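K.L.:
with the sequence up front, the predicted model follows.
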Amino acid sequence: MVKKIAMASVSILSLTLGTAALAQQGGTAAAPQAAQASEEGGPNNDIIITATKIATNVQDTPIAITAVTSETLATRQITNAADIGNVVPNARFRKAEGIYGPAVTASLRGIGQADPNLAGEPAVAFYIDDVYYPLLFGSQFDLLDIDHVEVLRGPQGTLFGRNSEAGAVNLVSKKPSLTETSAYVDVTVGQYNRRDLRAGFSVPLTDTLAISVAMASKKRRGYQEMVDFSCQMFKNGTPELAGSFPFQTPATSFVGGRVPGSCTFDYLGGEDTQGVRGAVRWQPADNVELNITADYTDQNDEIPAEKIFRTNYAETYGLQPNGTVDESKANKNFITMADQFTIPGKTPFRWDKRFEINDIFKTYDNYCDPFPAGYKITGNTYYTGSIFRGGKCYGNTVPLKNRGIQGKLVVGLTDQIDFTVIAGWRKMDQHFGAASDGTVLNDSIIYHEVHEKHWTGEARLTGQFSFADVVAGVFYYEGDAEHLGQPQGVRAGTQRYQRVLYSPLSKAAYLNVNVRPFDRLTVNGGIRYSDDAKGVDFSSLNDGTKQGSNVFVSDGVDTFFKTTIATKRWDWKAGLNYEPWDRTMLYVSAGSGYRLPGYQARPSQPGQEGQLPGENIISYEAGIKADFFDRRLRINAAVYAITFTERPASYSGQEAQYAVDPVTKQLIGKVAGNSTVIPGGPAGTDQATAFTTCRAYNAATDGPRDPSKGGALNTHEGVGVACVARPYSYAIGGHAKGAELEVTLTPIDNLSIDYSFGYNKFAAQAGSTARNLPGVNMSGGIQYKAEVPALKGSITPRLDWFWEAKTVNDSNRPQYDTPARSVFNGRITYANTDLNFDVSVGATNLFNKIYYQNVTIFEGLGLPTNLGQPAAPRQWYLSFKKRF
């Protein structure tokens, strides 16, 4: 199917180019127009971009770039950075799963980062008005007062500050106007009690000074219900399954003969965000301009919707393949924990199918430990009576505060040379809880707290001459971050307290030159020198406090290390572009890119820390940008090939858990348990026997248990032992190839059709398939603007379509692949030209497609559950916008 779609797209492109090229010969190019929205109804208008550091028409820029105006973002119902990838070929931007906090996962051409942890490095660089934003945490930017968005695909290191290996996203804000006073109010209401308000104004104070202010408030109840487990068991007529587990709230309890109308006590997936942005523009002379902006965001969104779609009951309560239950083979901590809610003589309280809800939009999770701090359970190695275990309840929201200030000064030294200085400062604070079991019991509740601040500086010279364009600059970035974590490990009996300090520092210099040796031909070359370093100070203490003490004591299974991850290197880019006829450009380019190595941020026990491989690539690209038929047809297409000289790969496995001598605090051997450590790396690879995993211990075939002492750290043999999760990382090479196509068609005035297609194929050694990345993504849209004089305006219906191919979530477990899917959005807008207001009614996910937009397979880590993030169901809305 994918090959047929790709062949059809290429065939249509070839036929169109051949026909249109003949039509172009002898024609005269129309003068490029300024940045305007294509929704005006006529042929394609152009967008002036600044991605190359020199203002150029997007059609004259020899880069695979998608530029989208604020008007287009609104009509396609794109309101934050996580949605931008829906309309960009080979892009995948997603709101991160709740286990990762308030973040965006971003990838371009199959290169990205799913885990926003500070231990890694984003491959896709985000910029706000040329100022680098180094985190995936907090990057779900609301598109507040945006002029347009530029998404560049492929390495951009010779033009952008840092880590643009896969590409860059540049959010370009509107500047205050020096000539006009304007204002707007935009109100939206909709399903799930949605209430959005956006407002702003721009005022010229003098001929040389102007200010603007924009604000936004977004509130919406979540679309996934948090259900009171005990309430639901009573409502189902099976109160015995609730045991003695308490009701979550008075409103959902069965007391005094009352029967609650609903067992829902809260929600997941909602929004509660407020933000404000102020800007000052000063232009004291024609050759001097200073822009300063400041912004503040206070976000208290709900945890994203989460659903457990698979549970290994053999692990949780001893269910055997033949349907019988053998609790001796279950995790003892699970059994003894559940026993606390068993009513004597009644059905045992167990972690079993009673916690399953046959509704993707409902969950029993409550993000709370069911036991108070200091609770002791006999035979349980987690609830030991330590006051530093139990009692944690983190709620269902993810508070985040993000604020910053930045400035950009441009001085025209001559008519041809500009000097630009950019500086920015930003601070971000967030905390959130996460869970991954979908029950009211506690398998793994984790608390995270992240504090980060940084500043960036850049200075550059740009020159535009008749024969060449030159950009030369230096870049500086310095940050300071702290990550606090409290991962509970009930199955392993561990309670860790982690503190990690980061001190990233980046310095770079770059040069990019475009030379025009003769008319219609441009030769491009660029170089970059990078000096990147990240200091890491890691500490992880495991609680060993005895019952009755209020002083924290470590049990000795602690991890400490300090390291500096550093790289000094040169990168390059070269290419040429040629205009065979008017309004048509062909280009080829090649360039290198890289990403810093990382380290294992979540070690389960000592010996698991270690540096992860970095990433080094060379990317080759060829493309065409063309307007045909008096600019009624626009075709932008590219093909590319990427060579990975180094690429990180990982495998989720387990290893034997080690015991600690109570006196010396040294690791002395393996903890007895019900598992056997076996070779278990990716099948068909060199790592097939180098890594380990665990299976149920079988005395008949495995022989006697390992002795409790004498096991060496990282020994891969283990018989009848307890296991803990361990991710293994290794470097691989590989190749990727792909194609991209963007088409915009205006066959008649007021009718516009757009289509995008992305194909990406990753090839490397067996077992290293790119995960969480579809091989094909497509989008399309159609709208018609009907002038209605009787209504003193126009009516514009629009339909948008988004499609993704099958997504591999675990290369070793194809049964968990996400199927291909189509999603539609619809919208109808009435625009009144006399009073300058719009009214729109629309719906996202118009046909109510049910699917997971993110999936995490915990099974390989030995955890009993797999986690999915349900996408939002159909949601209608009504919007009113008035301009003044």
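P.N.:
Received, thanks.
K.L.:
switch to C-alpha atoms for all contacts and neighbour counts from now on
P.N.:
Fine.
K.L.:
for Val721, which residues count as its bridge partners?
P.N.:
Ala672 (DSSP bridges).
K.L.:
let's number from 34 now, not from 1
P.N.:
Fine by me, first position is 34 from now on; the one you just mentioned is Val754.
K.L.:
measure it to Asp735 for me?
P.N.:
11 Å (Cα to Cα, to the nearest Å).
K.L.:
find residues that contact each of these two.
P.N.:
Thr709 (Cα atoms under 8 Å, 6 or more residues apart in numbering).
K.L.:
compare the two and say which one has the larger neighbour count.
P.N.:
Just comparing Val754 and Asp735: by other Cα atoms under 10 Å the higher neighbour count belongs to Val754, 26 against 12.
K.L.:
looks like the more buried one contacts Gly706 (just checking).
P.N.:
Yes - counting by Cα atoms under 8 Å, Val754 does reach Gly706; the two are 4.0 Å apart.
K.L.:
let me know the helix or strand that the residue positioned nearest the centre of the chain is in.
P.N.:
Compute the mean C-alpha point of the chain, and by Cα atoms, centre = their mean the closest residue is Thr138, 1.3 Å away. Following DSSP states H and E, one finds Thr138 within strand 137-141.
K.L.:
for the very next helix or strand once past that strand, give the mean pLDDT please.
P.N.:
Following strand 137-141 in sequence order, the next helix or strand is strand 144-146 (DSSP H and E). In this model, strand 144-146 has a mean pLDDT of 84.
K.L.:
who does the residue nearest to the centre of the chain bridge with?
P.N.:
Those that pair with Thr138 in a beta bridge, by DSSP bridges, are Arg127.
K.L.:
contacts for the helix or strand hosting Met370?
P.N.:
Using DSSP H and E, Met370 sits within helix 365-372. The set of residues external to helix 365-372 that reach it, using Cα under 8 Å, 6+ apart, is 349-350, 360, 381-384, 410-415, 474, 523-524, 526.
K.L.:
do stretch 280-293 as well
P.N.:
So stretch 280-293 is contacted by Asp261, Phe262, Ser263, Cys264, Phe267, Lys268, Ser295, Cys296, Thr297, Phe298 (Cα under 8 Å, 6+ apart).
K.L.:
need those residues in CSV with pLDDT and distance to Tyr166, can you?
P.N.:
Shown next, in CSV, are those (pLDDT from 0 to 100; distance: Cα to Cα, whole Å):
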residue, pLDDT, distance to Tyr166
Asp261, 97, 40
Phe262, 97, 42
Ser263, 97, 45
Cys264, 97, 45
Phe267, 96, 50
Lys268, 95, 49
Ser295, 95, 44
Cys296, 97, 42
Thr297, 97, 39
Phe298, 96, 37
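K.L.:
in PyMOL, select just the buried ones from the contacts of helix 365-372.
P.N.:
Buried subset of these, written as a PyMOL selection, criterion 16 or more other Cα atoms under 10 Å:
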select buried, resi 349+350+360+381+382+383+384+410+413+414+415+474+523+524
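K.L.:
okay but Asn123 is in contact with Leu806, surely?
P.N.:
No - contact criterion Cα under 8 Å: Asn123 and Leu806 do not qualify, at 9.1 Å.
K.L.:
look at the two and report which has more neighbours.
P.N.:
Counting neighbours by other Cα under 10 Å for Asn123 and for Leu806 shows that Asn123 has the greater number, 29 against 26.
K.L.:
how's the protein carved up into domains?
P.N.:
35-255+302-341+425-482+494-624+645-688+761-916, 691-754 (automatic domain parsing).
K.L.:
single out the most deeply packed of those domains.
P.N.:
domain 35-255+302-341+425-482+494-624+645-688+761-916 (a mean of 19; mean count of other Cα atoms under 10 Å).
K.L.:
any weak-confidence spans in the stretch 534-683 of the chain?
P.N.:
In the prediction, the stretch 534-683 of the chain carries no residues with pLDDT under 70.
K.L.:
show me where the stretch 34-183 of the chain has strands.
P.N.:
81-82, 89-90, 98-102, 124-128, 137-141, 144-146, 157-161, 164-166, 179-186 (DSSP state E, counting those that start in this stretch).
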